[in-house]
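Student: Take a look and give me a structure for this.
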Amino acid sequence: MIGGINLQRELPNSFFHVFYNLPLLLICIWHIRLTKRLSSNVGAVTSVKDAMGQTLPTAQMTEQYFKDLQQQWNA
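Tutor: Alright, predicted model coming up:
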């Protein structure tokens, strides 16, 4: 009994379950926001350099890849 209100009679049981899980809900929201904020810093890679300083293509057509690979094997 709080403030003249009998909680068992006035409120449904689901009301207590919502507040029982409130800390878990807050932790989940915090974790989702933190994960989203950390992953939003990742952008598209525009250029990659190898050990010799030459730029490597970041996107290549499949046909061109296999043609270049065939040239390397035959060289």
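Student: what are the ranges of the strands in the chain?
Tutor: 48-49, 55-56 (DSSP state E).
Student: Could you save those as TSV and add columns showing mean pLDDT, distance to residue 14 and mean neighbour count?
Tutor: C-betas here are computed from N, CA, C, even on glycine. Formatted as TSV, the strands of the chain follow (pLDDT from 0 to 100; distance: least, CB to CB, whole Å; neighbours: other CB atoms under 10 Å):
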stretch	mean pLDDT	distance to residue 14	mean neighbour count
strand 48-49	82	54	10
strand 55-56	82	58	10
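Student: To residue 62, which of those strands lies closest?
Tutor: Residue 62 sits nearest to strand 55-56 of all those, at 16.5 Å, using CB to CB.
Student: shaky segments in the protein?
Tutor: Applying pLDDT under 70 to the chain flags the ranges 1-11, 15-16, 18-19, 40-45.
Student: Out of the strands of the chain, which is closest to residue 24?
Tutor: Nearest to residue 24, of these and by CB to CB, is strand 48-49 at 42.2 Å.
Student: Let me have the strands of the chain in TSV, adding distance to residue 34 as columns.
Tutor: Compiled in TSV, the strands of the chain are given as follows (distance: least, CB to CB, whole Å):
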stretch	distance to residue 34
strand 48-49	29
strand 55-56	33
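Student: Residue 37 is nearest to which of the ones you listed?
Tutor: strand 48-49 (25.8 Å).
Student: The closest one pairs with which strands, and in what direction?
Tutor: The pairing partners recorded for strand 48-49 under DSSP bridges are strand 55-56 (antiparallel).
Student: number of nearby residues for residue 25?
Tutor: 11 (other CB atoms under 10 Å).
Student: ok, so what distance separates it from residue 66?
Tutor: Computed as CB to CB, to the nearest Å, the residue 25 to residue 66 distance reads 51 Å.
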